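What follows is a predicted structure for the sequence shown.
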Amino acid sequence: RAPKKSTSPNAKIIMLTTTEKMATEALAGAIGGVVSAMLLYPLDTVKTRIQAEQKKEEVKQSGVGLFRRSISGPLLPPQKKPFLYQFYESVHRDGLLQLFSGVKPKFYHSMISSFVYFFAFSGLKRKVEERNPNQKISVGMSLLVATMAATANVVFTEP
């Protein structure tokens, strides 16, 4: 179906078809997903490093393996540094760009996943609206549509 032009003499807006609207909304969702993933990626990197260090410390303290240490009293956990301090420490030690190491797969996954989710959500919502043109979509129906879109997203984007 060809796009419709507005009937106003001064308007230069082209009306989009349903598929074009869905693709536009999906593209906006993909951009939003990528931006949020890229902004949060350094925080996730630092969180993962903290968890790895904590696990290494737990193994060291427990003496896992054949040569367990016998401990007469309870071990005190090492002092934990605040997250923001550890974030600053990571940036100072490794540089800001190092916190984005390995970001490429996350970028692509986030972009594709967000696009699929918003495309499915937009299409399913329009189908529901077409069936009930004079009714506003209820919260329950909106949650159902979101659940179906999330299911489609997982089916198409997860291995």
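All right, it came through fine. Residues are numbered from 1 along each chain as shown.

after the helix or strand of the chain with the lowest mean pLDDT, next one along is what?
One helix or strand of the chain scores below all others by mean pLDDT, DSSP states H and E: strand 4-5, with a mean of 56. Next in sequence after strand 4-5, counting helices and strands by DSSP states H and E, comes strand 14-15.

In the sheet, which strands lie alongside that next one, parallel or antiparallel?
Applying DSSP bridges to the sheet, strand 14-15 is found paired with strand 4-5 (antiparallel).

so how far is the helix or strand harbouring residue 144 off the chain centroid?
Residue 144 is part of helix 139-157, with elements assigned from DSSP H and E. Its chain's C-alpha centre and that of helix 139-157 lie 15 Å apart, by C-alpha atoms, centre = their mean, to the nearest Å.

Following the lengthiest helix in the chain in sequence, what is the next regular element?
Longest helix in the chain, counting residues (DSSP state H): helix 18-62. The first helix or strand that comes after helix 18-62 along the chain, using DSSP H and E, is helix 83-94.

for that following helix, packing partners?
helix 18-62 (3 or more C-beta pairs under 8 Å, 6 or more residues apart in numbering; DSSP states H and E). C-betas here are computed from N, CA, C, even on glycine.

for the helix it packs on, packing partners?
Looks like helix 18-62 contacts helix 83-94, helix 103-131 (3+ C-beta pairs under 8 Å, 6+ apart).

Make a markdown table out of these and add mean pLDDT and distance to residue 13.
Written out in a markdown table, the entries for the helices and strands packed on helix 18-62 read as follows (pLDDT from 0 to 100; distance: least, C-beta to C-beta, whole Å):
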| stretch | mean pLDDT | distance to residue 13 |
| --- | --- | --- |
| helix 83-94 | 89 | 45 |
| helix 103-131 | 95 | 20 |
